[in-house]
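**Student:** sequence and predicted structure are below.
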Amino acid sequence: MSETSSPAVGGTTAAGRTDEVELRLPADGAYASVLRTLTAGLAARLDFTIDDIEDLRIAVSEAAAMVLDEADPGAVLDCSFRVGSDQLALTIAADAQAPTAPDYESFGWQVLATLADEAAIDAVAGRYTVRLVVRSSLAS
């Protein structure tokens with residue numbers, strides 16, 4: 001058996017870089033479970049607690065729903081993850097020619113603001129983006 005180098009379990013590569021993962025899906029709610037499953041898998045890799053993972057799945061569902069509501073017909077959902085040693089940063093975006101202004105009073109936003117350590121919405125002509133950062137509750 002030959003020896004090979006591999007990323008450290010905590011998500012930071014041997015060279016100290018943060019891992020990045022990208023996923024492209026049709027902007028259709030039928031694919032939301034794929035996004036939630038990938039997110040949970042990455043969080044588990046970071047040793048997030050079961051409660052942290054469930055909260056993250058809920059937050060990702062809300063973020064995806066926000067983007068899907070604004071996405072143009074036939075658009076692609078672009079999802080990117082930055083996997084740090086104790087946090088997961090996630091961006092979900094889709095083309096949206098005429099996105100509405102973010103509703104910071106909506107239930108979805110309230111869920112994101114509660115469950116994520118950081119959350120932001122960028123709604124500009126041509127693109128609608130939701131960004132989240134979630135840290136493990138075990139992080140010191």
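**Tutor:** Looks like it arrived, so ask away.
**Student:** could you use CA atoms for every contact and neighbour count after this?
**Tutor:** Will do.
**Student:** bridging residues for the residue most central in space within the chain?
**Tutor:** Against the mean C-alpha coordinate of the chain, by Cα atoms, centre = their mean, the closest residue is L90 at 3.1 Å. Here L90 shows beta-bridge partners F81, L132, assigned using DSSP bridges.
**Student:** elements contacting the longest helix belonging to the chain?
**Tutor:** Selection of the longest helix in the chain by residue count, based on DSSP state H, yields helix 50-70. Where contact means 3 or more Cα pairs under 8 Å, 6 or more residues apart in numbering; DSSP states H and E, helix 50-70 is packed against helix 32-45, strand 87-94, helix 107-115, strand 127-135.
**Student:** in it, which residues are buried?
**Tutor:** Neighbour-count burial for helix 50-70, with 16 or more other Cα atoms under 10 Å as criterion, is recorded at 52-68, 70.
**Student:** ditto for stretch 25-40
**Tutor:** Using 16+ other Cα under 10 Å as the test for burial, stretch 25-40 gives 25-28, 32, 35-36, 39-40.
**Student:** out of these, flag the one nearest to E118.
**Tutor:** Taking Cα to Cα as the measure, E118 sits nearest to T39 out of those, at 16.3 Å.
**Student:** who's in contact with the closest one?
**Tutor:** For T39, the contacting residues are 56-57, 60, by Cα atoms under 8 Å, 6 or more residues apart in numbering.
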